[in-house]
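# Got a predicted model here, sequence first, then my questions.
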Amino acid sequence: MRKLLILAAVVAAPLLLPRSATAQVSVAIHFDLPVVLPTLVVIEPGIQVVPDVNEEVFFVDGFYWVRRDTRWYRSHDHRKGWVIVEARGVPGRLVTYPPGHYRKWNQQKEKHGKNEGKHDHDQGDHGDSGKGKDKGNKKD
């Protein structure tokens, strides 16, 4: 009986003691992403990017990743559940991309931008298999 009384006192004690105030911090992280994302684009094996959105959103190993300023966030669902991830927890390849490079990224514009300013004459091809006017032709 004595053990039962001691057990009851131990269980009841926390209920009778004054409660100390506890601080709770709740942070809601929201990214401006559509409910249905555009088709992901592979930018290198194992790394995909969400094109044409206002955030820089990657998809790696089952997680969506967003970089905003110097912070990284990840979630299994692009609509909710975002958490802050310390730098050591971010896939190494993601941190090598220049910040903002994949924000509002468009694959067609990227391809066009790489070819911009390059013309056939810059490549040495003038319709003669690259031999030039008299190159490769022996004059007798």
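Received it, and whenever you're ready, just let me know what you need.
# Which helix or strand contains residue 48?
Using DSSP states H and E, residue 48 sits in strand 47-49.
# ok, and for that strand, which residues are buried?
Within strand 47-49, the residues that qualify as buried are 47, 48, 49, counting by 16 or more other CB atoms under 10 Å. To be clear about C-beta, it is placed using only N, CA and C from the backbone, and glycine gets the same treatment.
# Excluding its own residues, what touches that strand? List them.
40-43, 56-60, 91, 93-94, 102, 105 (CB atoms under 8 Å, 6 or more residues apart in numbering).
# Give me the mean pLDDT for that strand.
Strand 47-49 comes out with an average pLDDT of 96.
# Direction included, what does that strand pair against?
Strand 47-49 sits in its sheet next to strand 41-44 (antiparallel), strand 57-60 (antiparallel), going by DSSP bridges.
# Residues in contact with the first one: which ones?
By CB under 8 Å, 6+ apart, the list of residues contacting strand 41-44 from outside reads 48, 49, 50, 51, 93, 102, 105, 107.
# returning to that earlier point: give me whichever of the strands paired with strand 47-49 is most buried.
strand 57-60 (a mean of 20; mean count of other CB atoms under 10 Å).
# residues making contact with that strand?
The contact list for strand 57-60 (CB under 8 Å, 6+ apart) reads 31, 33, 37, 40, 46-50, 64-66, 78, 91, 93-94, 102.
# Take the residues you listed and keep only those in strands.
Mapping the contacts of strand 57-60 onto strands (DSSP state E) picks out 47, 48, 49, 64, 65, 66.
# ok, so of the residues you listed, who is nearest residue 98?
Nearest to residue 98 out of the ones in strands among the contacts of strand 57-60 is residue 49 (CB to CB; 13.1 Å).
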